[in-house]
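Chemist: predicted structure and sequence below. I'll ask about it afterward.
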Amino acid sequence: MPAYHSASDEAAPGGTPDRSPGGASTSTAPPAGAAALRPAHPRAVPLSELRALIDAEAVPGSAGRADPAVTGVSLNTSQTLPGDLYAALPGTHRHGGQFIADAVDAGAVAVLTDPDGAALAARSGVTVPVLVHPRPRAVVGALSHRVFGPAATDEELALYAVTGTNGKTTTTYLINGLLGAAGARTGLIGTIEILAGGTAVPSVLTTPEAPQVHALLALMREHGVNAAAMEVSSHALSYHRVDGIRFDVAGFTNLTQDHLDLHGSMSEYFAAKAQLFTPEHCRRAVVLADDHWGRAMAHHAADRLGADAVTCLLVGGPEDGAPGMDAASGPDLRAVDLPGALWHVTDLTRDGLGHRFTLVGPAGVRLHARTGLPGRFNVANAALAVLMVHAGGMDPAAIQDLLEVPDVLTPQVPGRMQVIGTAPHAVVDFAHNPDALVRALEATRPDDGGRLLLVFGATGDRDATKRPLMGQIAARLADVVIVTDDDPHDEDPARIRAAVLAGAHRAVHDEGFSRVVEEVHPRAEAIRRAVALARPQDSILVAGRGHEVWQEVKGVNLPLDDRQELAAALRQVGDRGNAPVDEADPAPRDGRHQEEGNTPA
Ligand SMILES: CC(=O)N[C@H]1[C@@H](OP(=O)(O)OP(=O)(O)OC[C@H]2O[C@@H](n3ccc(=O)[nH]c3=O)[C@H](O)[C@@H]2O)O[C@H](CO)[C@@H](O)[C@@H]1O[C@H](C)C(=O)N[C@@H](C)C(=O)N[C@H](CCC(=O)O)C(=O)O
Ligand SMILES: Nc1ncnc2c1ncn2[C@@H]1O[C@H](COP(=O)(O)OP(=O)(O)OP(=O)(O)O)[C@@H](O)[C@H]1O
C-alpha cells in the first residue's frame, strides 16, 4: 500500500482544519483569485522550448525579449498572470484572439493561437511573440504539463480520476475519505469545490481547463498533498482539459442519458468517456460493469491497458430488492467474459438510511463495508471507491482495517441526498438527468405509505431531449409533481417547463397514473408549495440543484439555495401545520398552475 504521513502530522499551510473529505486541511476563506490557484514557485521555461515541444510556427514579437521565460499558462484573460503564455482559442461564441491585448496588459509574455487568432493578433498590433498551431486546444495540456508538471525531486502525488454520468462527486469524496483515513493528505478537484491543501475554493466547472488543472496539481504538491481525487467530465475529455495527466487509477460509474447537446449520441458520449481509459490517461481502471455500457467500457479498458490493469465491479439487482449478486445464488451470467479481476457486491442489507454490504473478489477475498449514504446507487459509489483505492496499491487487509473506521464510507457531500427535515422527510439532491432522478425518487419514497412530493425543473441551453423524459419519470414515481425552474440560462423558462410538463402529462394520460401535477414558479415558491402540501408521514424531494447557490437567468446570477429555501419553508409550516393536498388552495397564485387533480389516497 502507499505510505502516507498522518494528516495530522503537518500543519495546514494557510488554514485551520475543517470538514474537507479525506482529512485534507483547509481553511474556509472566500473564493480566491487566479494567483491563489497557482503554485507559489513556478518554474520558468523558455518559450523556444515550448515551441519545440508542440512544433508550432513562431511569429516573433516586435518588442521585449525574443525568447521570454514562461512561468504560467492561461486560456482565459480573467486568469492571466504576469509571465503567462496566453492560449487564445476559438470558442463557441467568439475567438480568444479578440482578447490578446487584454492578456498582454495582464502580463502575458507570449501567445499561443491558431491561424485565425494570429490574424487577430496582427490586427491588434500585439508586441509579444505568437506561437501558431492548427489545433491549439489540443496542445495546451502538454504545454501546461511542461510548465506546471512535477520535477524529478517532487514527492509522489497519487491521482484518482472518476468519470461517468452520475456519482462522480460522491465517489471522489468516498475515495478521499478512505485515503484520509489511511493517513494521506488529500486534494480534490470537482463540481463542488477544489481542495489543494490550503483554502477550499468553490468550483466553477466540474473539471477546470487544462492550465488550471496542471496548476492545481502543482499547488497540491507545494502543499504536501500526496493523493488527489478528481472528477473528469465528458466535456473535459472532449475539450482536452486533462491532457498531459496520467492518473494512477481511473474509475467508471455509469453512462446514462445526458449531455447529448454536446455529444449528439450515446455512442459519441461513450467514446468521449472512453478516452480516459487509455495509456495516455491512466495506469489502472476500475469499471462498474453492471450494464451494456459498463461492460463495453471494461473491454475497451482491457484492450487499451491490458486485462491485468482492469478491475470489474458488479453491484446488480433492483433498487432495494434482493441482491442480484448473492454468492449463494451461483455465478451471474453478466460476469461471463468480463476482463481482469472481478469483484461483486453481496449480502446487501438496509442499515438506517444506508446499507451494509460485502465485496467479494478474486480467490474469495471478502471486504465487509457499510455506507450511511442513502440509496442503493451509493453502494455502487462506495464499492467503486473501495476498489479504486485497492487498485491504487492498498491490500485488502489494510482496506478492511479502514472499513472499520466509523462512517469512513459516509462522507458529507453537500447537496447530494442531503436531509433537511424529518417530518416530512425532506431531501435536497443534485439529480438533474433521467437516471439520477429515478434513483433519487426510489431512494426517497416513504416506506410506510406516505406520499412522495417532487419539486424539480430542467436546465436551459442543455440537452433538451431529457426534459419530457424527466417529466415522465416524475409522474411515474412521485405522487405530487411540482414543475418549476432550474437554471434557465438564456432560454425562456416557460418553454422549458412546458417541455417537462408535456412528459408528465403523457405519463398521466397515456399510462393512467393518477397524480397531482403543478407548475409553480419561481422555484422558492414551488418549494413552499411542496411543504404546504406535505403531511408529516410524506417525503419531499427537491431535485436538480443540490449544492448550488446561484440560479443563472439570462446571464444574471440570482441567489438561490434549495437547502435554505426548504429549511425556511419547513420552519414556517412547523409554526402553522400542513394542509393536506386536497384541502390546499387549488387556485393558481403567483405563477402557480395546477395541471392535474386526484392524488392517491
Ligand atoms: C461548452 C463549454 O464547455 N464551453 C467552454 C468554452 O467556452 P466557449 O467556447 O463558449 O468560450 P467563448 O466564450 O466563445 O470564448 C472563447 C475563448 O475566449 C476566452 N475569453 C473569453 C472572454 C474573455 O473575456 N477572455 C477570454 O480569454 C475564453 O476563455 C475562450 O477560450 O471554453 C471556456 C473557456 O475555458 C469554458 O469556460 C466554457 O465552459 C462553459 C463555462 C461551460 O459551462 N461548460 C460546461 C458545459 C461544462 O464544461 N460542464 C462540464 C460538466 C458537465 C457535467 O458533468 O454536468 C464541466 O466539466 O464542468
Ligand atoms: N452511481 C449513481 N448512479 C445513478 N445516480 C447517481 C449515482 N450516484 C449519484 N447519483 C445521483 O446523481 C446525483 C449527482 O451525484 P454526483 O454529484 O455524485 O454525480 P456527478 O457525476 O458528480 O454529477 P455532475 O457531473 O452533474 O456533477 C446525485 O444527487 C444522485 O441523485
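Modeler: Cool, the structure landed. Here the structure is a predicted model, which is why all the values come from computation and not from measurement. Ligands and ions are numbered 1, 2, ... in the order given.

Chemist: quick one: pLDDT of the residue lying closest to residue 36 once chain neighbours are set aside?
Modeler: Using C-beta to C-beta, 6 or more residues apart in numbering and skipping residues adjacent in sequence, the residue nearest residue 36 is residue 199, 6.8 Å away. (Each C-beta comes from the backbone N, C-alpha and C, glycine too.) We note a pLDDT of 73 for residue 199 in this prediction.

Chemist: any idea how far residue 199 is from residue 415?
Modeler: 20 Å (C-beta to C-beta, to the nearest Å).

Chemist: likewise for residue 299?
Modeler: Taking C-beta to C-beta as the measure, residue 299 and residue 415 are separated by 34 Å.

Chemist: tell me if stretch 338-358 is near ligand 2.
Modeler: No - for stretch 338-358, no contact with ligand 2 is found by C-beta under 6 Å from any ligand atom; the gap never falls below 12.5 Å.

Chemist: show me what from the chain comes close to ligand 1.
Modeler: By the criterion of C-beta under 6 Å from any ligand atom, the positions of the chain lying close to ligand 1 are 75-77, 89, 91-94, 96, 99, 205-207, 209, 233, 235-236, 239.

Chemist: in strands only, show me those.
Modeler: Counting by DSSP state E, no part of these is found in strands.

Chemist: which of those are buried?
Modeler: Among these, those buried by neighbour count (16 or more other C-beta atoms under 10 Å) are 75-77, 89, 96, 99, 205-207, 209, 233, 236, 239.

Chemist: isn't residue 114 right up against residue 139?
Modeler: No - with contacts counted by C-beta atoms under 8 Å, residue 114 stays clear of residue 139, the gap being 10.6 Å.

Chemist: now do the shared contacts for the two.
Modeler: When C-beta atoms under 8 Å, 6 or more residues apart in numbering defines a contact, the residues bordering residue 114 and residue 139 alike are residue 133.

Chemist: so between the two, which is more surrounded?
Modeler: The residue with the greater number of neighbours, taking residue 114 and residue 139 and applying other C-beta atoms under 10 Å, is residue 139; the counts read 23 against 20.

Chemist: residue contacts, the nearest residue to the more buried one once chain neighbours are set aside?
Modeler: Counting by C-beta to C-beta, 6+ apart, residue 54 is the residue found nearest to residue 139 once chain neighbours are left out, at 4.2 Å. Neighbour list for residue 54: 112, 131, 133, 139, 142-143 [criterion: C-beta under 8 Å, 6+ apart].

Chemist: can we see that at 10 Å?
Modeler: Neighbouring residues of residue 54 by C-beta atoms under 10 Å, 6 or more residues apart in numbering: 112, 131, 133, 135-136, 138-140, 142-143, 146.

Chemist: residue 44 versus that one, what's the distance?
Modeler: In this structure, residue 54 and residue 44 are separated by 18 Å, where distance is defined by C-beta to C-beta.

Chemist: what's around the nearest residue to residue 561 once chain neighbours are set aside, how many residues?
Modeler: Using C-beta to C-beta, 6+ apart and skipping the chain neighbours, the partner closest in space to residue 561 is residue 549 (4.7 Å). The tally of other residues near residue 549 (other C-beta under 10 Å) stands at 15.

Chemist: I'd like the numbering to begin with 29 instead of 1 from here.
Modeler: Got it, first residue is 29 now, which makes that one residue 577.

Chemist: so residue 577 touches residue 515, yeah?
Modeler: No - the pair residue 577 / residue 515 is not scored as a contact, 11.8 Å apart, by C-beta atoms under 10 Å.

Chemist: re the thing from before, could you measure the residue nearest to residue 589 against residue 244, distance?
Modeler: Going from residue 577 to residue 244 by C-beta to C-beta gives 22 Å.

Chemist: also residue 160?
Modeler: In this structure, residue 160 and residue 244 are separated by 28 Å, where distance is defined by C-beta to C-beta.

Chemist: and what of residue 468?
Modeler: From residue 468 over to residue 244 (counting by C-beta to C-beta), the distance is 30 Å.

Chemist: low-confidence ranges in the chain?
Modeler: Screening the chain residue by residue with the criterion pLDDT under 70, one finds the ranges 29-60, 92, 345-364, 542, 603-629.

Chemist: could you chop it up by domain?
Modeler: As recorded under automatic domain parsing, the domains making up the chain are 45-175, 182-212+254-431, 446-623.

Chemist: could those domains be laid out in JSON lines, adding distance to residue 222?
Modeler: Converted to JSON lines, the domains of the chain look like this (distance: least, C-beta to C-beta, whole Å):
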{"stretch": "domain 45-175", "distance to residue 222": "7"}
{"stretch": "domain 182-212+254-431", "distance to residue 222": "10"}
{"stretch": "domain 446-623", "distance to residue 222": "13"}
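
Chemist: pretty sure residue 513 contacts residue 486?
Modeler: Yes - the pair residue 513 / residue 486 is scored as a contact, 8.8 Å apart, by C-beta under 10 Å.

Chemist: shared neighbours, those two?
Modeler: Looking at what touches both residue 513 and residue 486 (by C-beta under 10 Å, 6+ apart), the common residues are 521, 524-525, 528, 572.

Chemist: show me what the longest helix along the chain is packed against.
Modeler: When every helix of the chain is counted residue by residue (DSSP state H), the longest turns out to be helix 521-539. Under the contact criterion of 3 or more C-beta pairs under 10 Å, 6 or more residues apart in numbering; DSSP states H and E, the helices and strands touching helix 521-539 comprise helix 494-505, strand 508-511, strand 544-547.

Chemist: against which helices or strands is the second one packed?
Modeler: Meaning strand 508-511. Packed against strand 508-511 by the contact rule (3+ C-beta pairs under 10 Å, 6+ apart) you find strand 480-484, helix 494-505, helix 521-539, strand 544-547, helix 551-561, strand 567-571.
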